[in-house]
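Asker: Structure, please.
(one chain, ligands or ions: 2)
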Amino acid sequence: MLNKSFYINTIGCQMNVYDSEQIAARLAAMGYQQAGVLEQADLVIVNTCTIRAKAEQKAFSFLGRLAKLKIKRPGLVIGVGGCMAQQEGHKILRRAPHIDLVFGTRAIDRLPLLISKIEDKRCRIVDVAWTETPDGLDTLPERRLDSPVSTFVTVMRGCDNFCTYCVVPHVRGRETSRHPDRIMEEIRGLVQSGAKEVTLLGQNVNSYGKKEGLLSFPELLSRVNTIEGLVRIRFTTSHPKDFGSGLINAFRSNEKVCDHIHLPVQSGSDRILKRMNRKYTKALYLDKIAKLRDTCPGIAITSDIIVGFPGETETDFADTMDLIKTVHFDGLFAFVYSDRPNAPAVQFRNKISEEEKRKRLQTLLKLQEHFTRIKNQALVGSVQPILVEGTSKKQSSGRFNRSQSTGQWTGRTTTNKIVNFYHHDNPQSGVDIYPGKVVYTRIEKAYAHSLWGKPIEVESATGGLKGEKSYAA
Ligand code: SAM
Ligand code: SF4
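Answerer: Ligands and ions are numbered 1, 2, ... in the order given. Predicted structure coming up:
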């Protein structure tokens, strides 16, 4: 028994969360245990993000904290992985002498080897090579004893789109899709260990399998839909230029596919979309939204928007505001444009001042808040199947404990809205609540970012709620 422990700090997107699980599985296979707190760990991994400058600052600030820890505990091994590691490579070792290892986005499968070398020789290593062992993408995580209710599975890595603001193709490499058999095997394993919902991840899921001549993404969804015990399927991200009828129909034909799509538009100005290299126009985006709503009337739509892209005029910004007023998104992730190394937009002229970017962001968020409230308010009085994720943040003390089952719970609608509720609101209902259960709740209140509901008896739930009725009792 190794008797050593590890701690992982994950910064960034869902893909990093998935990669951190892969890292944890490999460390567990080496005999490392998960440390309860950072200060007790023998090995600390920081899984970094570089999509915006802010994410990088977050990583360096955490690394600063680790420098102090290493003074107290010189035996501590520190590794930096993820997108910032891929981008900065040797520079990180030069800037931070307390770091032992820098490993890139395609080096996760080599991690055990790299760590063993550092332990044996007390050397410092940088591995940002793009080479991956043939089964690098497909290695399954160690079988988990206890999967979360909702979990991520990466189905493809990298990106071939080269949007001019974006660093992803430069730090994650070209698109590569995993074999559907490996994906199915992994999801089945996760379901066996407790998962009920899976989110399939890729930078542009519409191009899943195309290069390799595998299944199309809608075909993959149909296969995943057959997995017994799996209740819900989500996916992200779909690129509007490739979003078409195949995927629209997949919402209708697969009862486990949730009624939500994240379709990042980035801007409502054709001029800016062209400069971003997005390869669609505002009209085309709106046309696709109309077709989607035609086929799936209740579907929730969320999006990403960048404000203050170089050269964005007041008129361009007004076009974006107009698009928001036309679509009525359920939610938006809005970001101020951030210069990224290697992304072509760094060279673009007419940069927008930080002050102006902030001002536009606030204006946009205020408008969206209005639509989010309307969307949430419209659900008041309706009955929604909620996939219970656990006790709500306020009272959660980590692992699930059945004795907590009379407290405040949290879950999501199929449209991805957070619903909180008290179980003891209706003790006569006989509804036993635990993570992973689908519970019908009547929505009573709508807030800016969540809903408040009350569990109801299954019999009084309206029929025909997509594919989940049989799990509710
Ligand atoms: N592949 C997805 C797509 O095509 O929409 C998104 C991937 S990216 C990890 C997530 C979001 O970050 C993007 O949709 C974009 O809005 C935002 N983003 C990317 N680069 C950015 C930059 N340089 N400045 C500000 N936001 C950025
Ligand atoms: Fe970045 Fe564009 Fe690829 Fe999305 S599609 S990851 S925004 S380059």
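Asker: Now do the phi/psi pair for I125.
Answerer: When read as degrees, to the nearest 10, the backbone of I125 gives phi -130, psi 140.
Asker: Enumerate every residue touching it.
Answerer: By C-beta atoms under 8 Å, 6 or more residues apart in numbering, the contact set of I125 is D100, L101, V102, F103, L114, K117, I118. (C-beta placed from N, C-alpha, C; glycine too.)
Asker: what sits up against the helix or strand containing D120?
Answerer: In the assignment (DSSP states H and E), D120 maps to helix 111-121. With contact meaning C-beta under 8 Å, 6+ apart, helix 111-121 is reached by 23, 26-27, 29-30, 43, 77, 79, 81, 100-101, 103, 107, 123-125, 127.
Asker: give me that answer again for 7 Å
Answerer: Contacts of helix 111-121 with the rest of the structure, by C-beta atoms under 7 Å, 6 or more residues apart in numbering, involve I23, R26, M30, L43, V77, D100, L101, F103, C123, I125, D127.
Asker: now the helix or strand just after it: mean pLDDT?
Answerer: Remark: after helix 111-121, the chain's next helix or strand is strand 125-127, criterion DSSP H and E. Averaged across strand 125-127, pLDDT comes to 97.
Asker: buried ones in the helix or strand just after strand 125-127?
Answerer: Note on strand 125-127: by DSSP H and E, the next helix or strand toward the C-terminus is strand 150-154. Buried residues in strand 150-154, counted by 16 or more other C-beta atoms under 10 Å: S150, T151, F152, V153, T154.
Asker: Show me the strands in the stretch 1-150 of the chain, by range?
Answerer: Counting by DSSP state E, counting those that start in this stretch, the stretch 1-150 of the chain has these strands, from start to end: 5-10, 33-34, 43-48, 77-81, 101-103, 125-127, 150-154.
Asker: Give the other helices and strands that the third one contacts.
Answerer: Yep, that's strand 43-48 we're talking about. For strand 43-48, the packing partners by 3 or more C-beta pairs under 7 Å, 6 or more residues apart in numbering; DSSP states H and E come out as strand 5-10, helix 14-29, helix 53-72, strand 77-81, helix 82-88.
Asker: Apart from its neighbours in sequence, what residue is nearest F317?
Answerer: Counting by C-beta to C-beta, 6 or more residues apart in numbering, the nearest residue to F317 once its immediate chain neighbours are dropped is R360, at 5.5 Å.
Asker: So which other helices or strands are in contact with whichever strand or helix holds that neighbour?
Answerer: Element membership for R360 (DSSP H and E) is helix 354-377. Packing contacts for helix 354-377, counted by 3+ C-beta pairs under 7 Å, 6+ apart, involve strand 300-307, helix 314-327, strand 331-336, strand 438-446.
Asker: Quickly check: the first one near ligand 2 or not.
Answerer: No: remark: strand 300-307 sits outside contact range of ligand 2, by C-beta under 6 Å from any ligand atom, the gap being at least 8.1 Å.
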